[in-house]
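Visitor: Got a sequence here, can you model it:
(2 chains)
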Amino acid sequence: QKEVEQDPGPLSVPEGAIVSLNCTYSNSAFQYFMWYRQYSRKGPELLMYTYSSGNKEDGRFTAQVDKSSKYISLFIRDSQPSDSATYLCAMKASTGNQFYFGTGTSLTVIP
Amino acid sequence: DSGVTQTPKHLITATGQRVTLRCSPRSGDLSVYWYQQSLDQGLQFLIQYYNGEERAKGNILERFSAQQFPDLHSELNLSSLELGDSALYFCASSALQGFQETQYFGPGTRLLVL
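Guide: Residues are numbered from 1 along each chain as shown, chains lettered A, B, ... in the order given. This is a model prediction of the structure:
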């Protein structure tokens, strides 16, 4: 079983839709959770980071962590064509040095 | 711009050859991570250095090696290259955001082995 599971999609939505991206994980020691956006052939760009459980909002983006279910989500409100990219979740335990990444979900927002 | 730089952007070479990829972390970041990203594998962690010392090893092949220099830049050496080594190679430097460690990625080096 992989440490982090993420549905690869592809996901296609109309402009203005609310997008929900999700990851599940198996390691209960994960405490730090991140979402990255990666445009084609570019480096991943840090979007959001959260610690432990709870919600965090930044503009149109909301990150949620449910540690009891080992499930994290990224919501994008009022999606724009410029949001079209691959979204990667990442997580890390408080001990240890390794970050664990999902395989990414490909999102297309159609104008 | 994440502040992490990588050179070269593109590299085309032949099987059996050796190449060196270079990474400079963000100013003040002591930690450098190397990742390989291929179409079917996602981001694969290779190795981490912290202030010149190896801290963690992932799925790094014996043909690959890395080091971090006193000025904190890092190099990833890939030798006896095979077709399957063709991929995007990213480095990332990490920083503490409050008490949370996060990673900032460079633009990557695209390696094509022919």
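
Visitor: Give me the contact status of the helix or strand bottoming out on mean pLDDT in chain B with chain A.
Guide: The weakest-scoring helix or strand in chain B, judged by mean pLDDT, DSSP states H and E, is strand B:100-105 (a mean of 85). Yes: against chain A, strand B:100-105 shows contacts by Cβ under 8 Å from any Cβ of the partner chain at B:100, B:101, B:102, B:103, B:104, B:105. From N, CA and C alone the C-beta is placed, and that goes for glycine too.

Visitor: wait, doesn't the third one sit right on residue A:34?
Guide: This points to residue B:102. Yes: in terms of Cβ atoms under 8 Å, residue B:102 counts as a neighbour of residue A:34; the distance is 6.0 Å.

Visitor: Point out where chain A drops to low pLDDT.
Guide: A:1 (pLDDT under 70).

Visitor: could you pull out the strands for chain B?
Guide: In chain B, the segments counted as strands under DSSP state E are B:5-7, B:10-13, B:19-24, B:31-38, B:42-50, B:53-57, B:64-68, B:74-78, B:87-97, B:100-105, B:109-113.

Visitor: Nearest to residue A:69, out of those strands?
Guide: strand B:100-105 (21.0 Å; Cβ to Cβ).

Visitor: residues making contact with that closest one?
Guide: Strand B:100-105 is contacted from outside by A:32, A:34, A:36, A:43-46, A:49-51, A:90, A:92, A:99, B:2-4, B:26, B:29, B:33, B:90-96, using Cβ atoms under 8 Å, 6 or more residues apart in numbering or on different chains.

Visitor: near chain A, which residues of chain B?
Guide: Residues of chain B lying near chain A (Cβ under 8 Å from any Cβ): B:2, B:4, B:31, B:33, B:42-43, B:45, B:48, B:50, B:55-56, B:58, B:88, B:90, B:97, B:99-108, B:110.

Visitor: Please identify the residues of chain A in proximity to chain B?
Guide: Going by Cβ under 8 Å from any Cβ, the residues of chain A near chain B are A:32, A:34, A:36, A:41-46, A:49-51, A:88, A:90, A:92, A:96-104.
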